[in-house]
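S.K.: how does the following fold in three dimensions:
(3 chains, ligands or ions: 3)
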Amino acid sequence: MSEETKNITVAINGKEVEVSPKTTILRAAREAGYSIPSLCDYELLAPIGACRMCLVEVEGMQRLQTSCTLLPVNGMEVTTESDVLTKARRDVLELLLINHPLDCPFCDKSGECDLQDMVLKYGPSIGRYTEQKRNIPSSYEDPLLATNMERCIACERCVRMCDEVQGVSALTMVGRGEETRMEPFSLESWDCEYCGNCLPACPVGAILSTVQMHNYRPWQMNREVDTVCGHCGVGCQLVVQVRDEQIARIDSRTSLGINRGLLCSLGRFGHEYVGAEERLGSPMIRRDGELEECSWEEVIAFVADRLTAVKEQHGGEAIAGIASPRCSNEENYLFQKFLRVGCGSNSIDSLSRLGLAAARRVFEDLLGSGALANELSAIDACDGILVVGGDPTVVNPILGLSIRQAAGAGARVGILGRASGLDRVRAVSMAPGVERETAVLETLLAEVAKERGFSDERVEKAMDSLRETHRAPESPEEGLADLRDLLRSAATLAIVVGPELVQRPDGHRALAALAGLAHCLQARLYLQAEGANEQGLVDVGCEPDRLPGGIPVADQAHRQRLEGLWGGSVPVEPGLSLMEIIEAAGTKIRALYVMGENPVFKLPKSSLVRKALESLDLLVVQDIFLNETAKLAHVVLPAQAWTERDGTFTNIEHRIQRSPKAIAPRSGRADWQIVAEIAEAMGCPLAVAKVGEITQELATVSPLHAGLDAESLDDRGWLVRPPEERPPGESAAPPIALPLQEPTTNGVRLGVERLLFHAGTTSRHSPALLKICPEATAKLSVELASELDLEDGDRVRLSTAQGSVTVPVEIDASLTDHRVLLSNHFENAGVLGLLDYSLHPLTKAPALEASEVAITKVEAAEE
Amino acid sequence: MTLSTAALREIEMIRGKYPEPRSALIPALYIAEREFGWLSAAALLSLAEALDLPPALVRGTATFYHLYRHREMGRHLIQLCTNVSCMILGAEELQEMLKRKYGLVPGGTTEDGRFSLLIMECIGVCEGAPAMQIDTDLYQNLTEERLDEILSSYG
Amino acid sequence: MEPLLLKNTDQPNSADLAEYQRIGGYRALKKALEMSPAEVIEEVVTSGLQGRGGAGFPTGKKWEFAVRATGSPKYLINNADEGEPGTFKDRYLMEKNPHLVIEGMVIASHALGAQKGYIYLRHEYPTAGARLERAMEEALNHGFLGDSICGTSVNFDLEIFRGAGAYICGEETALIDSMEGKRGQPRLKPPFPVNAGLWGKPTIVNNVETLACVPIIVDIGGAAFAEIGTPASPGPKLYCLSGSVNRPGLYEAPMGTSLRELIYEYAGGMRNGHRLKAVIPGGLSTPVLPAEATDCAMDFASLVEAGSALGSAGVIVMDDTVCMVRVARRAAHFYEVESCGKCVPCREGTGWLEKVLSRIENGNAEMKDLDLLQDISDAIYGNCFCPLGDSAAEVVSAIFKHFRGEFEAHVKNGVCDLEA
Ligand SMILES: Cc1cc2nc3c(=O)[nH]c(=O)nc-3n(C[C@H](O)[C@H](O)[C@H](O)COP(=O)(O)O)c2cc1C
Ligand code: SF4
Ligand code: FES
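M.R.: Ligands and ions are numbered 1, 2, ... in the order given. Predicted coordinates for the structure are as follows:
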């Protein structure tokens, strides 16, 4: 929100203050240093004036006024403490307490309870209520949230949070008068997104998380550390509360971060993997086919020797690296530097090739590097939002929330494809089937371009090439006109692009069409990113053809400058991209170093990936768990997890935030440290002793990071400003007119489902998340289920040419097409491995082929 | 538990009348009540689905209003006013009699399932106090004898 | 005084259109349609009409605000939730004189530029609903409602919206929330409904009786209307008399008629030769007056001066057989049941009041409970979100103040003196 002009003068307790006309007296008084007790007021919610604690006296007004609802007018004189007010507050508190169980000694909220604090300050010392108190049994039925409605003070903060902010309305007040209480309603579930944002909203102990039930007391915490969440590209700020070097609880504050204290299920409940038993402990080397534990000295020497051997025998180009969006900027930077100058290879890439890295390249090549420099907070101010290529409420939940909130404030939301998390707020939606989406975007572009034209010849030329091969729909498609009107009528349009487009054979055309639309309509573009640091790893140089700062490897002057700074030579030719590395494994590529990634599980065609990795001379996997890829490795290096080491992360809006060390590492070494030690052992010292030194070096080396000072980062971080001059695109007008996807009609197709309650594969190790989402399911529409004679819970085998998995069926009423959706989080039940792909010639992304899937019901006995 | 097609059509029609579909909720709750007899959790869920509203909102609204049937009820509903005007003229004694003779307590139902009792807060016929309504029939100037007589005419 | 609002309502067919037209019905509408909206509002301003729903806000002023409000469409809501205990005037009007109510709404819609109107009818009034529906159909068929009213370009679509049993929904913003399908709790003001009401649009909420006055004002002229009653509170008024009187019923009398006249002349005096003990003059949300106050004029200002309020003019008369502790307890019960539960003092305090009063009534209280009773009332009063909670405290304290002796006797003797 923009700063309001402070053009109103009021006197609070005699002190004159300037305030904006929209600041309530409660907030104004707090800013002026006067505390007024309040219970129903909450930073993120519209005031309701229900608890009556915030009463103040106003000169000339007979009644006491609730300051939370009172707006200032010039000359208003307010008193916040007086005998009258003290009595009124004590009166209200006495009334509040008559039905309260007064069970502070057993209450988990004790010590951080607003009511408790207020009673200490204003409250009556004895209770005069002698009648029966309200009796409502506590509920522990929910896997994560326990309710105690006797403690509830009916401030409605949780309900308002769930309704106004989260947009879910899983909670409601029920009953009337004295019987009023909060209830989660719906027969089996709450329809809950488990954001847990009701937890900090509750001022008392009426809603508590069972994750740390009876295991958390505020005064037992050793420390609290503000940090950035490690689960997705939004980069929410949160508070890690530490007890005995374990994360005791994740908390949030409304003042914190661009997320304003809002979190999603992953951020709030998905931290337990850090302390998981099954974390890797000691380094391991494969001997006689088995991974055996060994010492760090041994493993460092081993890796260094083997890499040196490969380099000597096959040349540096035979070594490749896969970087990680779970690792920091510093770690990824050091990793690519090690590969380039230590090993002599530019073959460094990441799984962001399936997502943000590839998509942003299409946009930047067409529109320049500033095209994606949009702050998330600006979504609030948009009056039109187009969502395509995935559900932001699932991929990047807090981005999804901004969209819901913008919709609440009047923005029209249009959806192309499926985004069920936005169904309640959408104005227009169109689901022509994934194969038709590109054609729809191109049709929209053609229509919009006809009206608005292009202001840039380069863009126009590129778009021309689309037009020449565009296949217009035979008949007008349902929803198209509405979607076009939405785009045309928006004064400020946002386009939110999900990760699915880039994974389609014609996805680049869809992205190009979106670029064209964004250009014509001057829309703000937002890219979703599943990984926390996808943007960061791209910026620090983890792409085969780009050096830190996004400078092409081919840029000789820059490369030479780098070589000077790095004290070593960088190969002249760009390296291999992700899928090229996999495909060349065992031939051109002899050694692969995977840092914090799981390609065997997270890439398509796992049989091929597995075989490729098995044929390597050396596979080094550095991770915190023995994942599918690590199980194949020659060497396993235990790394440190989120909150165990320092570093910075870059979110999808290009904001660099600090992720400081909060707890002592359970095991392993920091990724950067391992890389540095191996480099040193290879005789190529990277000369770093502390993370801070890497950040400093990055700021020197990369023009994008010039001026970055990690020490001074606060909860708003540091926004990377793209350089004025766009780096030249790969060509003047990138070729984009590759053939459109051919719609195929027969057969059931397999598609990728993204889950709100899981991220990557670490969430497998978070019991809380497993409680709310324990297993993979095959999601299919009501029609398809009846066609196949399947019911909820039936177990089915899904088989493709690549393999098969057996999972239970879940019928999903929001699905309409002839597809089966499966997620990619659970062991032995991932969708990606079952899919075939073709290497996209332009984006180098693995374009997922629309694989036909055979579905057979499995009887229990068969398994 | 699903609403009949006729009910769904009626709800759809009401929904179409208002700029915001949620406005159909109050009238639609009466329809659900007619369909299912009373507003059980399952009844509310099916209404939520019909109106495409979050179930919690439907439940929150339904439980706020006292005239919906929030539990299973007898064949006839006695709505007895005991507010001040009626009380002055003996309504609380009538309430007492219903308990004594019929075992009827506020919110309760007779054992034979014939009557349920709702205590009303002024039904706006104070000139005929004490007054009550049985189903949609209005009775005024009640006495214990008259009340007995009236009840005997309901099967 | 010739009845204006209740004119002809002693006739069995008074609700029929033909009968209504026979005595001059819809004449005012035709006259109003020949006037400009501003002229109609001008007449209402001149009439000095004050809202009959309880608050007595000048109707002309409300309409002027409404006309100035930006946003369309504009909605007109007839508040027929009549939940105030002791009040039955709106029901009577709707049952016996529905066309007067409809005519008032059509004229108002013309004046206000509201093309859509709702009657928010409490569900407890099935007969009123049926009569209104029939009258609306008649009016529609005769061109007094719907499109092109009386052949002009004025359109007005009217619909009944039935409540579901909540006194608080008589409060206009709670009423609007209820129409929006929500829990009917009062909204924060501002914004006021005239600026942002139903579905966020400008909305004029008027009481049934207020709207029924409108055809009369147009017919006889604002100035003539202002001649009736007192200068500060003009017009005819419907008084609902109930309780310990010989002829309980609805009476139309000029505003400012004295309580004495209403009880002893209109309602035929006290029943069975009993003595007057107390009067609740304006429905159960107005403080009780002792017998000595019967000379008070029943208009907005005089009653405030007497320590009470005109409210909805629901006059509940109590004789010397009535136990005032019991009345207080029953009143508190009403507030406990009807509190919407939004704000703390009312939600928690009304129930506590009732519990303490029950103990006093049943002889299970001590003297210090009388102080507690007063303290609870004081804790509620002035600290509530809407007037409901304040009324609970005021009503209980007023009974306690005027009849403290009865409370003390209950505590001391363990039973009611009247029963002993
Ligand atoms: C608790 C409460 C209950 C009310 N109940 C009613 C009611 O039943 N009928 C009514 O007309 N006004 C009622 N009102 C007043 C309305 O809020 C509103 O002022 C009135 O409908 C305006 O119409 P008028 O200006 O014509 O009087 C109530 C107000 C409060 C605070
Ligand atoms: S005073 Fe408070 S709880 Fe009572 S009805 Fe008004 S808003 Fe609701
Ligand atoms: S904080 Fe103002 S009323 Fe609750």
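S.K.: biggest strand in chain C by residues?
M.R.: For chain C, the strand with the greatest residue count under DSSP state E is strand C:236-243.
S.K.: check which helices and strands that strand sits against.
M.R.: Packing partners of strand C:236-243 (3 or more Cβ pairs under 8 Å, 6 or more residues apart in numbering or on different chains; DSSP states H and E): helix B:84-88, helix C:89-96, helix C:208-220, strand C:249-254, strand C:314-319. For every residue, glycine as well, the C-beta is placed using N, CA and C.
S.K.: go again using 6 Å as the cut-off
M.R.: In this structure, strand C:236-243 packs against helix B:84-88, strand C:249-254, strand C:314-319, with contacts taken as 3 or more Cβ pairs under 6 Å, 6 or more residues apart in numbering or on different chains; DSSP states H and E.
S.K.: mind listing the strands for chain C?
M.R.: Residue ranges of the strands in chain C, as given by DSSP E, are C:75-80, C:116-121, C:157-162, C:203-207, C:236-243, C:249-254, C:276-280, C:289-290, C:314-319.
S.K.: let me redo that: the stretch 51-200 of chain A
M.R.: When secondary structure is read from DSSP state E, counting those that start in this stretch, the stretch 51-200 of chain A shows strands at A:55-58, A:65-66, A:77-79, A:145-147, A:171-174, A:181-184.
S.K.: next one: chain B
M.R.: For chain B, the strands defined by DSSP E cover B:76-81, B:115-120, B:132-134, B:137-139.
S.K.: possible to save these as JSON lines with mean pLDDT, distance to A:Ile678 and mean neighbour count?
M.R.: Formatted as JSON lines, the strands of chain B follow (pLDDT from 0 to 100; distance: least, Cβ to Cβ, whole Å; neighbours: other Cβ atoms under 10 Å in any protein chain shown):
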{"stretch": "strand B:76-81", "mean pLDDT": "98", "distance to A:Ile678": "82", "mean neighbour count": "22"}
{"stretch": "strand B:115-120", "mean pLDDT": "98", "distance to A:Ile678": "80", "mean neighbour count": "22"}
{"stretch": "strand B:132-134", "mean pLDDT": "97", "distance to A:Ile678": "87", "mean neighbour count": "22"}
{"stretch": "strand B:137-139", "mean pLDDT": "96", "distance to A:Ile678": "91", "mean neighbour count": "15"}
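S.K.: quick one, which of these is nearest to ligand 3?
M.R.: strand B:115-120 (31.8 Å; Cβ to the nearest ligand atom).
S.K.: who are the packing partners of the closest one?
M.R.: Applying 3+ Cβ pairs under 6 Å, 6+ apart, one finds that strand B:115-120 makes contact with strand B:76-81.
S.K.: the strand it packs on vs chain C: in contact?
M.R.: No - using Cβ under 6 Å from any Cβ of the partner chain, strand B:76-81 stays clear of chain C, coming no nearer than 7.6 Å.
S.K.: burial measure for residue 141, as a count.
M.R.: By default, I'm working from chain A. The number of residues packed near A:Glu141 is 11, by other Cβ atoms under 10 Å in any protein chain shown.
S.K.: that's the other chain; I wanted chain C
M.R.: For C:Asn141, the count of nearby residues is 11 (other Cβ under 10 Å).
S.K.: how near is it to ligand 2?
M.R.: According to Cβ to the nearest ligand atom, to the nearest Å, C:Asn141 and ligand 2 sit 41 Å apart.
S.K.: residues in contact with that residue?
M.R.: Residues near C:Asn141 by Cβ atoms under 6 Å, 6 or more residues apart in numbering or on different chains: none.
S.K.: from chain B, how far out is it?
M.R.: 21 Å (Cβ to the nearest Cβ, to the nearest Å).
S.K.: and the gap between A:Val413 and ligand 3?
M.R.: 32 Å.
S.K.: secondary structure class for that residue?
M.R.: Secondary structure assignment for A:Val413 (DSSP: H, G, I helix; E, B strand; the rest coil): strand.
S.K.: surely it meets A:Gln405?
M.R.: No - here A:Val413 lies out of contact with A:Gln405, judged by Cβ atoms under 6 Å, at a distance of 10.9 Å.
S.K.: neighbour count: those two, which is higher?
M.R.: A count of neighbours by other Cβ under 10 Å puts A:Val413 above the other of A:Val413 and A:Gln405, at 25 against 19.
S.K.: can I get the helix or strand that contains A:Leu445 in CSV, CA atoms only?
M.R.: Using DSSP states H and E, A:Leu445 sits in helix A:437-452. C-alpha atoms of helix A:437-452 as CSV (Å, rounded to 0.1, in the frame of the first residue of the first chain):
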residue,chain,number,x,y,z
GLU,A,437,-4.1,-23.1,-24.7
THR,A,438,-1.3,-21.8,-26.9
ALA,A,439,-3.7,-21.3,-29.8
VAL,A,440,-6.0,-19.4,-27.4
LEU,A,441,-3.2,-17.1,-26.3
GLU,A,442,-2.2,-16.5,-29.9
THR,A,443,-5.8,-15.7,-30.8
LEU,A,444,-6.0,-13.2,-27.9
LEU,A,445,-2.7,-11.7,-29.0
ALA,A,446,-3.8,-11.3,-32.6
GLU,A,447,-7.0,-9.5,-31.5
VAL,A,448,-5.3,-7.3,-29.0
ALA,A,449,-2.5,-6.5,-31.3
LYS,A,450,-4.9,-5.4,-34.0
GLU,A,451,-6.2,-2.8,-31.7
ARG,A,452,-3.2,-1.7,-29.8
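S.K.: return the distance of it from the chain's centre.
M.R.: 30 Å (Cα atoms, centre = their mean, to the nearest Å).
S.K.: just to revisit the earlier point, CSV for the strands of chain B, including distance to ligand 1?
M.R.: Shown next, in CSV, are those (distance: least, Cβ to the nearest ligand atom, whole Å):
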stretch, distance to ligand 1
strand B:76-81, 16
strand B:115-120, 15
strand B:132-134, 18
strand B:137-139, 19
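S.K.: residues touching C:Ala313, list them.
M.R.: C:239, C:282.
S.K.: what about 10 Å?
M.R.: Neighbour list for C:Ala313: C:52, C:54, C:84, C:86-87, C:89, C:209, C:237-241, C:250-251, C:253, C:255, C:262, C:281-283, C:286, C:298-299, C:303 [criterion: Cβ atoms under 10 Å, 6 or more residues apart in numbering or on different chains].
S.K.: picking that back up, quick one: average confidence on the helix holding A:Leu445?
M.R.: Helix A:437-452 carries an average pLDDT of 91.
S.K.: now for that helix, which elements pack on it?
M.R.: Using 3 or more Cβ pairs under 10 Å, 6 or more residues apart in numbering or on different chains; DSSP states H and E as the contact test, the elements touching helix A:437-452 are strand A:384-388, strand A:412-416, strand A:426-430, helix A:457-469, helix A:480-489, helix A:507-521.
S.K.: change it to 6 Å
M.R.: Under the contact criterion of 3+ Cβ pairs under 6 Å, 6+ apart, helix A:437-452 touches helix A:507-521.
S.K.: which other residues reach the helix it packs on?
M.R.: Against helix A:507-521 from outside (Cβ under 6 Å, 6+ apart): A:359, A:362-363, A:366-367, A:438, A:441-442, A:445, A:448-449, A:452, A:459, A:463, A:493, A:495, A:501, A:525, A:736, A:842-843.
S.K.: between that helix and strand A:412-416, how big is the angle?
M.R.: With axes from the mean of the first three to the mean of the last three Cα atoms, to 10 degrees applied, the angle from helix A:507-521 to strand A:412-416 works out at 160 degrees.
S.K.: tell me the strands beside the helix or strand that helix A:507-521 is followed by, with direction?
M.R.: Using DSSP H and E, the helix or strand that follows helix A:507-521 in sequence is strand A:524-527. Applying DSSP bridges, strand A:524-527 is found paired with strand A:493-497 (parallel).
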